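Student: predicted coordinates and the sequence they were generated for:
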Amino acid sequence: MDRSGRVRPFLRRRLIAVCTAIVLAVPGLAALSSAARAADADLARNGGFESGLDSWTCTAASTVNSPVRSGGSALKATPAGNDYAQCSQTVTVKPDSQYTLSGYVRGSYVYLGASGTGTTDVSTWTQSATDWQQLTTTFRTGASTTRVTIYTHGWYGTGTYYADDLSLVGPGVDAGQPPAAPTGLAVGTVTSSSVALSWSGVAGATGYAVYRDGVKVQTATGTSATVSGLSASTAYSFQVAATNDAGESAKSATVTATTSAGSGGGSSDLPAHALVGYLHASFANGAGYTRMADVPGSWDVIDLAFGEPTSTTSGDIRFTRCPVTECPTVESDADFKAAIKAKQVAGKKVLISIGGQNGQVQLTTTAARDTFVSSVSKIIDTYGLDGLDIDFEGHSLSLDASDTNFKSPTTPVIVNLISALKTLKAKYGSKFVLSMAPETFFVQLGYQYYGTGKWGGQDPRAGAYLPVIYALRDDLTLLHVQDYNSGSIMGLDNQYHSMGGADFHIAMTDMLLTGFPVAGDANNVFPPLRPDQIAIGMPASTNAGNGYVPPTEVNKALDCLTKKTNCGSYATHGTWPGLRGLMTWSINWDRYGSWEFQKNFDGYFG
């Protein structure tokens, strides 16, 4: 080289000649490089998600037809709470080999990476991709690495992301063939919440995947498994597939099992399908006053609206009947009590409902808790009532920032309410009817958000009813969430559902009967309630509240949940013929609407 660093012309010619000579002297070199490239293969299975989520392990994910980068499907996943919606797949690789991981994504803060490489785990990401953007990274496996996990995920609270055409290109490994489908699948012991399964072993299988109603719910290394967390009196179908490094076999033949009836939960003498309604007993509005004696016999549970506190934190609950100046046709106390007694003789239940829109109740101290117990007991005893309905709304329940586990609450207003309700239950015995009427914000929203959240800043009321329901689940007679006056709520399909049709009621009820991870934490699951504990809350008419649906939509929801027919776009996770029934706000508004809600219920359930 001269001082400029340029190669002199005659030296350049000599270098070219030498390189050519080397290539000609080693004729196998070019062929070797070509063969090495030819051995590379795409090792990612179902990287385009054309077979749904097969081969992938995902949270909060589904496949969609649009948007897609190629083919007919793509991955859609929505981070929620502490879950950033990861989809992963473990792939068999060669040790000490180079691999390229690539994929197309769109959304904010989307990641693509590999772990377990045996060298340096890698990832790449995009802050914002409004259209499909390719992410690519490379890694080399360790000297003894034979399996690597590839993944894609979003980030906390950043919204839905999409992924398509994921690939892992590098030296392939002959993994053989997937095993044969298992045979001999049989049902063993069945309880109210679990089903035991067994099957014949399959040659070459390293594990098994268990499917419930077409959805993979768990894996097993042996030839038996018990599927738990099921609802009582509910029919389920099961299949099993065998797995090895080459993939998953076809599914076995289907077996079905129906869980047994549960026990506990308060009064056992409600009808199989019950109609629940609120009676305006302490006020009048546009619906007018309805006397207790004039409530038709179709109503199985009558909630007196409302008992309210003397102050928000006093715990002192008072029930004042509607004054004659406001309700000219109001009956006397004696006639009111006599009518309650007549309802009870006919097998009906009459409860005092505490709270409502205006009755904020915060049991911040043990003194308020004790006052709550004594004052509610006085109302129950005075009118000879069958139990209590908790209709806490607004700011009655919220969670302290440090209170993050619904199974072990520490917030005083939560802990004291649980204690008070358990005390009342113990005082009045097994026939005491306990019901709750929370709003969706306090229950189903807990699938995405719980309290202030891991990073703070969320509404502390989000999911705040969950610890109360969980603690009282064995004492709870009825839970009828208000599926009205609600914003859009994400269902278990990770889609947002809005009021106005059957799908909203189907999705919200399916969550209660299937259970769900709280704030997206798969290790912190709110377990399903029994179907006999669930009534669907609906407004009786357009005047009663936002979210009214006509009888045809009511019946679609019931068909889907109890028969798995007429289901529309939402796929339920079970069939619950033992669903207890319907709740409505209100009896007064239904009377104003010529008893449309009641007549439809009677017509449906006979």
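Tutor: Yes, it's here.
Student: the closest residue to Thr191 other than its chain neighbours: how many residues sit nearby?
Tutor: In space, Thr191 comes closest to Ser260 once its chain neighbours are excluded; the distance is 6.1 Å by CB to CB, 6 or more residues apart in numbering. Yep, even glycine has a C-beta here, placed from its N, CA and C like the rest. Neighbour count of Ser260, defined by other CB atoms under 10 Å: 14.
Student: same check, this time on the one 10 residues further on
Tutor: The number of residues packed around Leu270, counting by other CB under 10 Å, is 22.
Student: so what does it look like in phi/psi?
Tutor: Main-chain torsions, Leu270, degrees, to the nearest 10: phi -70, psi 150.
Student: all helices in the stretch 501-606 of the chain, in order from the N-terminus.
Tutor: For the stretch 501-606 of the chain, the helices defined by DSSP state H, counting those that start in this stretch cover 502-514, 551-563, 587-592, 596-605.
Student: relative to Gln533, which of those helices is closest?
Tutor: For Gln533, the closest of these is helix 502-514, at 8.5 Å, according to CB to CB.
Student: from the chain's centre, how far out does the closest one sit?
Tutor: 9 Å (CA atoms, centre = their mean, to the nearest Å).
Student: just stretch 437-450 next, same as before
Tutor: So, by CA atoms, centre = their mean, the centroid of stretch 437-450 is 10 Å from its chain's centroid.
Student: sorry, back to before: need the helices of the stretch 501-606 of the chain in a markdown table with distance to Glu50, mean pLDDT and mean neighbour count, can you?
Tutor: Converted to a markdown table, the helices of the stretch 501-606 of the chain look like this (distance: least, CB to CB, whole Å; pLDDT from 0 to 100; neighbours: other CB atoms under 10 Å):
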| stretch | distance to Glu50 | mean pLDDT | mean neighbour count |
| --- | --- | --- | --- |
| helix 502-514 | 26 | 96 | 25 |
| helix 551-563 | 28 | 96 | 19 |
| helix 587-592 | 49 | 97 | 25 |
| helix 596-605 | 41 | 96 | 18 |
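Student: now these in a markdown table, with distance to Gln533?
Tutor: A markdown table is the format used below for those (distance: least, CB to CB, whole Å):
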| stretch | distance to Gln533 |
| --- | --- |
| helix 502-514 | 9 |
| helix 551-563 | 14 |
| helix 587-592 | 22 |
| helix 596-605 | 17 |
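Student: distance of the residue nearest to Thr191 relative to Ser128?
Tutor: 52 Å (CB to CB, to the nearest Å).
Student: check Ala502 too.
Tutor: 37 Å.
Student: who touches the residue nearest to Thr191 in this structure?
Tutor: If you count contacts by CB atoms under 8 Å, 6 or more residues apart in numbering, Ser260 has them with 190-192, 232-233.
Student: need the worst-confidence member of those residues.
Tutor: Of all the contacts of Ser260, Ala232 carries the smallest pLDDT score, 74.
Student: count the neighbours of that residue for me.
Tutor: 22.
Student: next one: Ala163
Tutor: Residues lying near Ala163 (other CB under 10 Å) number 28.
Student: isn't it right next to Ser102, touching?
Tutor: No. In this structure Ala163 lies outside contact range of Ser102 using CB atoms under 8 Å: 11.2 Å.
Student: and stretch 522-540, how far apart are its ends?
Tutor: Terminal residues of stretch 522-540 lie 37 Å apart, using CA to CA, to the nearest Å.
Student: quick check: buried residues in it?
Tutor: Residues of stretch 522-540 classed as buried: 524, 526, 528-540 (neighbour count, 16 or more other CB atoms under 10 Å).
Student: in strands, which of those residues fall?
Tutor: 526, 535-539 (DSSP state E).
Student: will you turn these into CSV that also has distance to Gly176 and pLDDT?
Tutor: Listed next are those as CSV, based on distance: CB to CB, whole Å; pLDDT from 0 to 100:
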residue, distance to Gly176, pLDDT
Phe526, 41, 94
Ala535, 53, 98
Ile536, 50, 98
Gly537, 54, 98
Met538, 55, 97
Pro539, 59, 97
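Student: ok, the nearest residue to Ser194 once chain neighbours are set aside to Thr259 distance?
Tutor: Excluding its sequence neighbours, the residue lying closest to Ser194 (CB to CB, 6+ apart) is Ser228, at 4.2 Å. Ser228 sits 10 Å away from Thr259, going by CB to CB.
Student: between those two, which one's more packed in?
Tutor: Neighbours were counted for Ser228 and for Thr259 using other CB under 10 Å; Thr259 has more, 22 against 13.
Student: flag the shaky bits of the stretch 101-250 of the chain, pLDDT-wise.
Tutor: 175 (pLDDT under 70).
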